[in-house]
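*Asks:* coords please:
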Amino acid sequence: MKWYRYKGGRGWRFEDSDTGSGLIIVEAVEPRSPFASSRPPGGGPGHVLRTKGAPSSAHTALQDFGASIIVASDRFDVAIPSIFGMLAIEATRIKADRSHFNPRSIREEPGFVSDEKTPHRVSPGLMQTLISTAREANVWARLYRDVDGSLEKLSREDLFMPERSIMLGTAHMRREINNVEADEKREGFWPHDPIALCAAYNAGSVREGDGAYNLRTYGGDGRIEKFVAYHNDMCAVLEERAKA
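*Replies:* Below you'll find the model as predicted:
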């Protein structure tokens, strides 16, 4: 049983079994509410992060955006739990009903002037990709998987469309997976490593930072652990559906 880690930081592994555990952290962590840590259902070392109670966010995301998530997963060979985990930590909730994610989520970074002048300072949509990053991902995706090439100048309104945000966010994840795979032998990651991908998506690449995992993210260890909890929720939901 191999534990993966970055430069001696906190380790993790992936358990692909009928328990639906998903990502397992090597040691106990103390996540903030509404997250919880428990031992793997099948026993063995490590700790599983999940949200408390039923995985309602995972169910709701599949209800609202499942078709788009599945299409993007198939097209770019990115696991559904990784796509959902990223969406769940990036998007805001609809204020009137916080069980649903807001397709019109928006974040303007310091230095933002306008979408035209500073597309690298504004992140619209569910996947919260910068407009500039989404444009790069769109160009790359056309070469990689023949994605719609009509969006030469993506706007925030384009990215407010769930299917486009999810598609281009997943394309960006696929690019980062390629980078992670290139680092596999040097850094010890495995292909499609979800935690390395979480850090790379947020920071632009896998690089050393502060915190228990030694991975740079804007949000620190808490961001990684929220991603893990949502990722594991989706693993459990998919396992539940497969058995139904």
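*Asks:* from here on, contacts and neighbour counts on C-alpha atoms
*Replies:* Fine.
*Asks:* not counting sequence-adjacent ones, nearest residue to residue 189?
*Replies:* Among residues not flanking residue 189 along the chain, residue 4 sits closest, at 6.4 Å (Cα to Cα, 6 or more residues apart in numbering).
*Asks:* that neighbour against residue 12, yeah?
*Replies:* Yes: using Cα atoms under 8 Å, residue 4 is in contact with residue 12, at 5.3 Å.
*Asks:* who's in contact with residue 8?
*Replies:* Neighbouring residues of residue 8 by Cα atoms under 8 Å, 6 or more residues apart in numbering: 213, 214.
*Asks:* next, residue 197: phi, psi?
*Replies:* Phi and psi for residue 197, reported as degrees, to the nearest 10, are phi -70, psi -40.
*Asks:* now do the contacts for it.
*Replies:* Per Cα under 8 Å, 6+ apart, neighbours of residue 197: 173, 176, 177, 180, 206.
*Asks:* so where's this protein uncertain?
*Replies:* 1, 17-20, 143-152, 181-188, 191 (pLDDT under 70).
*Asks:* tell me which residue is most central in it.
*Replies:* For the chain, the residue nearest the mean C-alpha position is residue 86 (2.2 Å; Cα atoms, centre = their mean).
*Asks:* next up, phi/psi of the nearest residue in space to residue 56 that is not next to it in sequence, please.
*Replies:* Of all residues not flanking residue 56 in the chain, residue 99 sits nearest, at 7.3 Å (Cα to Cα, 6+ apart). Phi and psi for residue 99, reported as degrees, to the nearest 10, are phi -80, psi -10.
*Asks:* and for residue 127, the neighbour number?
*Replies:* 31 (other Cα atoms under 10 Å).
*Asks:* how about it, secondary structure?
*Replies:* The three-state label given to residue 127 by DSSP: H, G, I helix; E, B strand; the rest coil is coil.
*Asks:* would you agree it is in contact with residue 90?
*Replies:* Yes: taking contacts as Cα under 8 Å, residue 127 lies within contact range of residue 90: 5.9 Å.
*Asks:* now the residue nearest to the centre of the chain, what's its secondary structure?
*Replies:* Classified using three-state DSSP, residue 86 is helix.
*Asks:* surely it is in contact with residue 198?
*Replies:* Yes: counting by Cα under 8 Å, residue 86 touches residue 198, with 7.0 Å between them.
*Asks:* common neighbours of these two, please.
*Replies:* residue 227.
*Asks:* give the buried residues for stretch 28-41.
*Replies:* 29, 31, 35, 36, 37, 39, 40 (16 or more other Cα atoms under 10 Å).
*Asks:* residue 137: neighbour count?
*Replies:* By other Cα under 10 Å, neighbour count at residue 137 equals 23.
*Asks:* start and end of stretch 112-131, how far apart?
*Replies:* With Cα to Cα, to the nearest Å applied, stretch 112-131 spans 12 Å between its terminal residues.
*Asks:* ok, now stretch 45-64?
*Replies:* Terminal-residue distance, stretch 45-64 (Cα to Cα): 35 Å.
*Asks:* what's the answer for stretch 138-157, then?
*Replies:* 15 Å.
*Asks:* likewise for stretch 33-41?
*Replies:* 21 Å.
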